Structures are given as C-alpha cells and as structure tokens.
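*Asks:* Build the 3D model from these lines:
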Amino acid sequence: LSRDRDIIAISMFIPFCLIAAKNRLYDPGDISEVGDSLYLVITIGVMLVYFLLRIFTQYLFRPQKMNIRTYRTGCKASYTFFILLTLLLLLANGLASFLHLDPAVAKSAMLWISAVTYTLFILRKTQFFNSSCAVFTSILYLCALEFIPTGILVVSALIF
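*Replies:* Numbers count the residues shown, from 1 in each chain. So this is what the prediction gives:
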C-alpha cells in the first residue's frame, strides 16, 4: 500500500502544479506579470526544488536513536497529506469555477485549505515522532524536516 500511495502522490504532482499556477497560489511579485505558460513552468520548477529539498533534509537529518521505521513513516506521511491536499484543491477549484467566484476569493480559500491541511500534517508527524523520542527532539526534527523547506518556500514568495 505504501508503494501505491507513493505512486499516487507522484501522479498528483502535475494536477497540483496546474491548480497552483492557475490560481497563482505561489505568487512572488517578480513573476506575476509573466505569461501563463512560463508561470506554469516556474511553478513546476519551484515545487520540484521544494520537494527535492524536503527529500534532502530527510536524508541529512536522519536520526541515530529513533526507530528508522517510525522515521520513514513520519516522513512518508507527507505523501498522504499531499494527495488529500491536491484532491481538496481540485474540488475547491471546480466549485469556484462552477459558482463563478472571484479569483481572489478562490485563491484565499485554496490557501486556507492548504494551511489547514499542512497544520494537520504537522500534528500527525509530531505524533509519529513523539512515539519514538522526546517532545523536544520531535520539535527539532520538525524544524529541520518541515519548517526549513517550507520556510524557504514561503520566504522566496515574499522576498522575490
């Protein structure tokens, strides 16, 4: 089942990038005036870098004392929540198109959906890590594995 989940998560990458590009969910000021095709390419590139950075941090900060199966399960939980997020964004995008919502309202709703899904994911990952190590260690792993890559993504949207 884990392999099936991983394959589904990989197959959700393009739909996620299409929704993110269409609704300008990642919208730094410098690229806001480019055409839709180039914007999609930039979005795909940024998301690829983000996911590669997450994979890199997972290998870089591999724990010495934590159960490796628990660590892998916690890291792979992001795939499950990414699938859920993509499906929710597809649903929200479909509803926004059907109801002819203002693009700013649709974008705001999708950003809130993303924030809530990410918060639930962080809570779940914390539960995984708390089962094998102390609370302080769990928080440190979350900072290294989640907050650094996501922080870089958010800061890049704000600065550039």
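*Asks:* What residues of stretch 56-63 count as buried?
*Replies:* By neighbour count with 16 or more other C-beta atoms under 10 Å, stretch 56-63 contains the buried residues 57-58. Bear in mind the C-beta positions are built from the backbone N, C-alpha and C, glycine included.
*Asks:* So which residues make contact with that stretch?
*Replies:* Stretch 56-63 is contacted from outside by 68, 71, 75, 133, 141, 144-145, 148-149, using C-beta atoms under 8 Å, 6 or more residues apart in numbering.
*Asks:* List of residues touching stretch 115-123?
*Replies:* So stretch 115-123 is contacted by 77-78, 81, 84-85, 88, 142, 146, 150 (C-beta under 8 Å, 6+ apart).
*Asks:* my bad, should have said stretch 73-81
*Replies:* Stretch 73-81 is touched from outside by 2, 5-6, 8-9, 54, 58, 117-118, 120-121, 124-125, 128-129, 145, with contacts defined as C-beta under 8 Å, 6+ apart.
*Asks:* rerun at 6 Å
*Replies:* 5-6, 9, 58, 117, 121, 124-125, 128-129 (C-beta atoms under 6 Å, 6 or more residues apart in numbering).
*Asks:* what ranges of the chain fall below the confidence cut-off?
*Replies:* Applying pLDDT under 70 to the chain flags the ranges 160.
*Asks:* which residue is nearest the middle of it?
*Replies:* residue 82 (6.1 Å; C-alpha atoms, centre = their mean).
*Asks:* Quickly find the element holding that residue.
*Replies:* Residue 82 belongs to helix 68-98 when assigned by DSSP states H and E.
*Asks:* Flag every buried residue along the helix or strand just after that helix.
*Replies:* Moving toward the C-terminus from helix 68-98, the next helix or strand (DSSP H and E) is helix 103-130. The neighbour-count check on helix 103-130 (16+ other C-beta under 10 Å) flags 106-107, 109-110, 113-114, 117-118, 121-122, 125-126, 128-129 as buried.
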